[in-house]
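Trainee: Structure, please.
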Amino acid sequence: MAAMIQDPFGRTLDYVRISITDRCNYRCLYCMPAQGIDWIPHEKIMTYEDIFLLCSVLSELGVKRIRFTGGEPFVRKGFVSFLHDIRRRFPEIGIAVTTNGDFLERWASELIALGLNSVNISLDTLNPEKFLYITRGGILERVLRGIDVLAASGEVPVKLNTVVMREFNLTEIPELVRFADNKKVLLRFIEFMPLDTDVWSKQQYVSADEVLSLLPHRLLWQPLGRQGTSGGIPSGPAQYFRNESTGQKIGIISAVSDHFCHLCNRLRITSTGEVRPCLFSNNGIPIIDALRRNDRESVRTGILSAVSRKPRAGDTSLPEGFCSPEEAALNTFPADQNGTEKTGTKVFHEERHMSRIGG
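Mentor: Reported below is the predicted structural model:
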């Protein structure tokens, strides 16, 4: 029986997000600055063989779910074939993918055959012009066709992820809810997270409570809880709600206004083979050299070292004055060798582009 990973605060970590590339064919406004970023040289990115070894070690450590992200994972050559190999080698692990949706129509039949546990698709607007603007070049109709094919199959659970921004898509909340209901897919609204000083704006931020207040027929939406197990929804960061009239379920991810860190069950591994204990962490444990030496024990040690550094609560790096002293006090880390618990500061750190962190 596989071991179970526990962090210093007793949380069991059984879910890992692995970025397979930092590259993307979109340049989304909330993901990277207007000037773009320098792509990581390919030789510094984990190979598929590196990732196979990584998944093998993770499986031995009791990881039950792995999500592959980017950048955009489908821009990497051989990704779908890689998914087939992963499915064959690790049938005990739930496999999911996060994508911008641009390539879904092309690969839909193979994704359906794979029997993925979920496909998460970014969809921030249903307006073609606004979609072109927010993605800096994306074609909405192509994404919608891919969603249609997957949703119609009924074989792959589809989740739509919408980052809510005040001056961009706040008024579209009812329309997006109706769209998801019509397609019979799960919609999740996500608070705009301050990961990068170049792209985040306090003026664009919308809290989960405000999103909830703007749902159509607000009083019909009843909470299911963050785990959502009673509604058949897998555990995760979203607080779920069900419409008493239609039965539709939606999720709201309050990564800024209402931290769910005490429920966190995940690690992130960047495309360069760095294990990050928290989405908001600037530092991680590099394991790529161990992967390339085929040194399983060192890979395992690196993963467990990252686990030992997992904070009690992530530092969202909100500008001073935007969060309360009580929230700042929550940003605590494992005790040091003298038994003293360390408290983080709410100041901006280095830029943390989503395409590099892992979507």
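Trainee: Let's verify residue 223: helix, strand, or coil?
Mentor: strand (DSSP: H, G, I helix; E, B strand; the rest coil).
Trainee: contacting residues for it?
Mentor: Shown in contact with residue 223 (CB atoms under 8 Å, 6 or more residues apart in numbering): 239, 240, 241. Yep, even glycine has a C-beta here, placed from its N, CA and C like the rest.
Trainee: The last one should be in a strand, yeah?
Mentor: Yes: counting by three-state DSSP, residue 241 falls inside a strand.
Trainee: can you pull the pLDDT of it?
Mentor: pLDDT for residue 241: 96.
Trainee: what's the closest non-adjacent residue to it?
Mentor: Excluding the flanking residues, the one nearest residue 241 by CB to CB, 6 or more residues apart in numbering is residue 221, at 4.3 Å.
Trainee: Run through the bridge partners of that neighbour.
Mentor: Listed by DSSP bridges, the beta-bridge partners for residue 221 are residue 243.
Trainee: Ok, residue 266 next?
Mentor: residue 15.
Trainee: and what of residue 6?
Mentor: The partner list for residue 6 in beta bridges (DSSP bridges) reads residue 12.
Trainee: Could you count how many residues lie near it?
Mentor: Neighbour count for residue 6, taken as other CB atoms under 10 Å: 13.
Trainee: now do the one 3 residues further on
Mentor: By the criterion of other CB under 10 Å, residue 9 has 15 neighbours.
Trainee: go on, residue 29?
Mentor: For residue 29, the neighbour count with other CB under 10 Å is 19.
Trainee: Could you check the pLDDT of the residue nearest to residue 241?
Mentor: If you check residue 221, the pLDDT there is 97.
Trainee: if I look at it, how far off is residue 91?
Mentor: According to CB to CB, to the nearest Å, residue 221 and residue 91 sit 37 Å apart.
Trainee: One more: residue 53?
Mentor: Residue 53 is 17 Å from residue 91, where distance means CB to CB.
Trainee: neighbour-wise, which of the two wins?
Mentor: residue 53 (21 against 8).
Trainee: Isn't that one up against residue 292?
Mentor: No: the pair residue 53 / residue 292 is not scored as a contact, 9.1 Å apart, by CB atoms under 8 Å.
Trainee: partners of residue 276 in the sheet?
Mentor: Listed by DSSP bridges, the beta-bridge partners for residue 276 are residue 268.
Trainee: Could you count how many residues lie near it?
Mentor: Here the number of neighbours of residue 276 (other CB under 10 Å) works out to 23.
Trainee: from now on call the first residue 128
Mentor: Sure, I'll start counting at 128 from here, so that last one is residue 403.
Trainee: Now that it has come up, it's in contact with residue 430, right?
Mentor: No: judged on CB under 8 Å, residue 403 makes no contact with residue 430 at a distance of 11.1 Å.
Trainee: Find the residues that touch each one of the two.
Mentor: With CB under 8 Å, 6+ apart, residue 403 and residue 430 have common neighbours residue 394.
Trainee: rewinding a little: need the contacts of residue 350 in TSV with distance to residue 438 and neighbour count, can you?
Mentor: Compiled in TSV, the contacts of residue 350 are given as follows (distance: CB to CB, whole Å; neighbours: other CB atoms under 10 Å):
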residue	distance to residue 438	neighbour count
366	21	21
367	25	23
368	28	22
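Trainee: possible to save these as JSON lines with distance to residue 307?
Mentor: Listed next are those as JSON lines, based on distance: CB to CB, whole Å:
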{"residue": "366", "distance to residue 307": "16"}
{"residue": "367", "distance to residue 307": "13"}
{"residue": "368", "distance to residue 307": "12"}
